[in-house]
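**Q** Predicted coordinates and the sequence they were generated for:
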Amino acid sequence: MDEFDQQEATELIQFAVQDDTELLFTVYRKYREPEIIQGKIVKLEPKKGRMLLSTFYEVHIIQFMDILKVGTPSD
């Protein structure tokens, strides 16, 4: 992501945390195709550089540096 995309992603994440809404993340996975994960942000951990994302029955730990794209489910 370039600087503009990072700023846009930061704003989307902040709004999603405030409004308790879902986001759609495209996440880099080593040795595999990028993974698309849709869910609500449970916790932001800026000191560790990651966030916890809740889907239906799972909690995903996503490193900020592994995020390729952030969007809303309606995109």
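**A** That came through fine.
**Q** What separation do you get for residue 73 and residue 43?
**A** Between residue 73 and residue 43 the computed distance is 20 Å (C-beta to C-beta, to the nearest Å). In short, each C-beta sits where N, CA and C put it, glycine included.
**Q** Please spell out which residues along the least confident helix or strand in the chain by mean pLDDT are buried.
**A** When each helix and strand of the chain is scored by mean pLDDT, DSSP states H and E, helix 3-19 comes last, with a mean of 92. Buried residues in helix 3-19, counted by 16 or more other C-beta atoms under 10 Å: 9, 12-13, 16-17.
**Q** Using PDB, write out the CA atom coordinates for that helix.
**A** Extracted as PDB, the C-alpha positions of helix 3-19 are listed here (Å, rounded to 0.1, in the frame of the first residue of the first chain):
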ATOM      1  CA  GLU A   3       0.900   6.400   1.700                       C
ATOM      2  CA  PHE A   4      -2.600   7.400   0.500                       C
ATOM      3  CA  ASP A   5      -3.900   3.900   0.800                       C
ATOM      4  CA  GLN A   6      -2.500   3.600   4.300                       C
ATOM      5  CA  GLN A   7      -4.200   6.800   5.400                       C
ATOM      6  CA  GLU A   8      -7.500   5.700   3.900                       C
ATOM      7  CA  ALA A   9      -7.100   2.300   5.600                       C
ATOM      8  CA  THR A  10      -6.400   3.900   9.000                       C
ATOM      9  CA  GLU A  11      -9.500   6.100   8.700                       C
ATOM     10  CA  LEU A  12     -11.700   3.000   7.800                       C
ATOM     11  CA  ILE A  13     -10.300   1.100  10.700                       C
ATOM     12  CA  GLN A  14     -10.900   4.000  13.100                       C
ATOM     13  CA  PHE A  15     -14.500   4.300  11.900                       C
ATOM     14  CA  ALA A  16     -15.100   0.600  12.100                       C
ATOM     15  CA  VAL A  17     -13.900   0.500  15.700                       C
ATOM     16  CA  GLN A  18     -16.100   3.500  16.700                       C
ATOM     17  CA  ASP A  19     -19.200   2.200  15.000                       C
END
